[in-house]
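Student: need coordinates for the below:
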Amino acid sequence: MRLIIDGHSVAYRVYYKTPKLTNTKGVPTSVVHTFLNILLSLKEELNPEEMIVTFDSKGKTERHGLDEEYKANRQPAPEDLIPQIEILKNVIPLLGVSVFAKEGVEADDIIFTLSEDCEDDVYIVTKDKDIYQLVNERVKIYDYQNDKVIGVKEVVEKFEVTPEQIPDFLALVGDASDNIPGVKGIGPKTAAPLLKKYGSLENIYKHLDDLKSSVRDKLEKYRDDAFLSKELTEPIRTEIEFDKSERFDESSLLEFLEKYELNQIKQRLFGKNENVDLGNGDVGKPDLAAFVEDSFYTADSHNYNIEKDYKKASQAKYVFSYKNIYKHLQSPVKGVLDLEIISWLNDPDSGGIKKQKEEDVSAFLKRLNEQAESIYTEFKKNDFEDVYENIEVATAEVLACMELDGIKLSREKLKTVDDELASELNRIEGKIFSALNKEINLNSPKQLSEVLFDELGIKPYKKTKTGYSTNEESLKNLIIMNPGYAELLELILTHREYSKLKNTYTGKLGDYVNSKTGRVHSTFNQVGTATGRLSSSNPNLQNIPQRGKIASKVRSAFIPEDGYSLISFDYSQIELRLLAHLSGDETLLEAYKKDADIHKKTAASIFNIDEKDVDSNLRRIAKAVNFGIIYGLSPYGLARDTGVSQKEAKEFIDKYFKLYPKVDSYIKDALKRAKEQGYTETLFGRKRFVKELSSKNKALSSRAERIAINAPIQGSAADIIKKAMLDTFAYLADKKVNGRLILQVHDELIFEIKDGEVDTVFQKLKDIMEKIVHLDVNMSVKGKIGKDLGALK
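Tutor: Take a look at the predicted model:
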């Protein structure tokens, strides 16, 4: 979730409701104090993935070019507020929160752009009624004072018009705070019914003759004001360089807080972090052995030392980051209790206990030591011993070996593909610019939209608040709607695909090759997700592109050592098979028993046609429905993902449940069980706590419902792939096979095996994976052998 805070809106409200406060140097700080406390509370309560504060800039904006009187009646900012805004702009980035303020651009337009460019849910903290027009199924206003989420329903209740009609509404009633004139004599009680009946300002003016004379006369007299007002209130897209590199800067932040005597904030952030001395002496038998930021430490109740002897971990009561300790030991620690894994199992959504960006290593070690017993007590109470001992600890050991082994990457092959992409991009750009008779920035949606729709007159597919869409989905639909421009549009799509491949992969992956081993040693994150799924970083090898000619060439740069081959095994539709097992739906079970095409079967049902008549597009929509059900996708979400209307999306979902009725029962039972127990559980005992199911905050309770539906399925899939890793790894070791497990990509395992042993090992590994767990459906595993990663797809 992205949280966007309208800085000036919050600051002004705080200013007029907070007693004046200055530090000993006479600098006003009351707004700074309260604003930062609000910021920290929002961070704690909502836990957003991204947090952004926007501020208005000084001077005139684009709207002043439309109307010199725009905002002319606004009072100048209070003199003691101005310096506090500047203090906030300087201190907020030190908290790891991005600040956006752009000369000549209003905060409203920055908020609009940041909302549009985010695929996740967006919460906006503001009191500005202009912003209400941005509200939709994904974007909400958050009232932090009342812990209230304002969605489409609440906007309609407040204004009696839809969010999309807010500019039309303000065009009629005006907005005195921004000096927007509107139509004199028309208020909300007149405007709302007009818009309810006619839909828009333009349509109202088309039906002036239908209106009573008193209203018609006002509208005719102030026609220019009305349309100017609408133009002034509609958002304007702005170019933004969104750098997510803000980091919590402890030393600079402390210095800043002390400089301005912001002691309450300092206490809130640092009061509990007590540093301890890190010595180099002998701890004796340690209570804790921890690997933190590439160093190893031991601690007892009084001493905290930097340690070189990793064997000390076997003597410690608790460890932290067992995977990294194992990489140095190369042998297991019997009965190891890893606080990193244990605390994550206790609270997977928070990620467990970890060093905060503002914490000194010594303070973190002290916190670890002090909380170890309570973390372990909670772990025992949650009954996590089985999933910890039988899955997670052993997985840490396997991941350590995979990280050490890495995967070979041919820089030469990668460079060849990179050069080919550069040449192709130049060729494609030449053809596009020739067709357009001009050169443009193909990465600019605004420039592309202008040339396609305004200059060439291409029939558009979908309109957004900024104009006609040029995203991938829209371009694909434009090809169908404008066959005469198919070649041009396909070239633009190819250009986008190739640009991403070059900038993300061929131009960067080579930097990760270890000069000594010639291999890429990615980091596998065991505690990075709430579902139990693994993730990968530096580089992310789980996100290497899979489809397309060039993508295949990128993958072909990943190769085995000479005399070895790569083998991949991929679980087929594991989550849908788990849904069939957990729901017990006879139709779904029978389909898998007959090895039917589930997506075709679903398509035939929701479109009322024979399976033989299902084409690729209908199958694509059905696939989105099948997987959408697992993730609790709403009609809005399905419509967004497939391009159908919300009405059609709802009909598809209803038909799905008629075809698979026990899936509907499973979902209802899963929600009921989660509400009663307070958690969901996988087939192997992994729990995920969903306390927000009873929250009065609709957005939070809806998210919890999606988790309750999905977590048992996705979590069980995560457990199965981990168990497959453990059993195949053990087989290779027990049989002394000349090979190794080198990569896990979601539901796929990739091995590097000596050529002479490939045929013998292939079938055995496949059998192991298919028999990991007994379900009411067969566990289908697809296997391939090749001399590079590209040959496995």
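Student: domain ranges for the protein?
Tutor: Residue ranges of the domains in the chain are recorded as 1-127+239-269, 276-406, 409-520+528-559, according to automatic domain parsing.
Student: quick one: name whatever helix or strand follows the helix ranked longest in the chain.
Tutor: When secondary structure is assigned using DSSP state H, the longest helix within the chain turns out to be helix 698-734. Moving toward the C-terminus from helix 698-734, the first helix or strand encountered (DSSP states H and E) is strand 739-745.
Student: can you list the buried residues in that following strand?
Tutor: For strand 739-745, the neighbour count (16 or more other C-beta atoms under 10 Å) marks 739-745 as buried. All C-beta atoms are positioned from the backbone trio N, CA, C, and that covers glycine.
Student: as TSV, these with pLDDT would be great.
Tutor: Compiled in TSV, the buried residues of strand 739-745 are given as follows (pLDDT from 0 to 100):
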residue	pLDDT
739	96
740	96
741	96
742	96
743	94
744	93
745	89
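Student: between those residues, which sits nearest residue 779?
Tutor: The nearest member of the buried residues of strand 739-745 to residue 779, counting by C-beta to C-beta, is residue 744 at 16.6 Å.
Student: the closest one reaches residue 726, doesn't it?
Tutor: No: under the criterion of C-beta atoms under 8 Å, residue 744 is not in contact with residue 726, lying 11.4 Å apart.
Student: how far off centre is stretch 516-524?
Tutor: Shown here is stretch 516-524, whose average C-alpha point lies 26 Å from the average C-alpha point of the whole chain (C-alpha atoms, centre = their mean, to the nearest Å).
Student: what does stretch 327-343 give?
Tutor: Taking mean C-alpha positions (C-alpha atoms, centre = their mean), stretch 327-343 and its chain are 30 Å apart.
Student: buried ones in that stretch?
Tutor: Buried residues in stretch 327-343, defined by neighbour count with 16+ other C-beta under 10 Å: 327, 329, 333, 336-343.
Student: spatially, which two of those residues are the most separated?
Tutor: Across these, no pair lies farther apart than 329 and 343, at 21.7 Å, counting by C-beta to C-beta.
Student: and residue 536, helix, strand or coil?
Tutor: strand (DSSP: H, G, I helix; E, B strand; the rest coil).
Student: let's number from 244 now, not from 1
Tutor: Shifting the count to begin at 244 puts that one at residue 779.
Student: tell me the contacts of the residue lying closest to it once chain neighbours are set aside?
Tutor: For residue 779, the nearest residue in space outside its immediate sequence neighbours is residue 785; the separation is 4.5 Å by C-beta to C-beta, 6 or more residues apart in numbering. With contact set as C-beta atoms under 8 Å, 6 or more residues apart in numbering, residue 785 has these partners: 777-779, 987-989.
Student: neighbours around residue 406, how many?
Tutor: Residue crowding around residue 406 was assessed by other C-beta atoms under 10 Å; the count is 22.
Student: burial count for the residue nearest to residue 627 when sequence neighbours are not counted?
Tutor: With C-beta to C-beta, 6+ apart as the measure, residue 588 is the residue that lies nearest to residue 627, at 4.8 Å, once sequence neighbours are left out. With neighbours defined by other C-beta under 10 Å, the count for residue 588 comes to 22.
Student: next one: residue 813
Tutor: Residue crowding around residue 813 was assessed by other C-beta under 10 Å; the count is 19.
Student: now it, what's its secondary structure?
Tutor: strand.
Student: next one, pLDDT for it please.
Tutor: At residue 813 the predicted local distance difference test score is 93.
Student: what ranges do the strands span in the stretch 294-443 of the chain?
Tutor: Chain-ordered strands for the stretch 294-443 of the chain, with DSSP state E, counting those that start in this stretch as the definition, fall at 341-343, 365-368, 382-386, 391-393.
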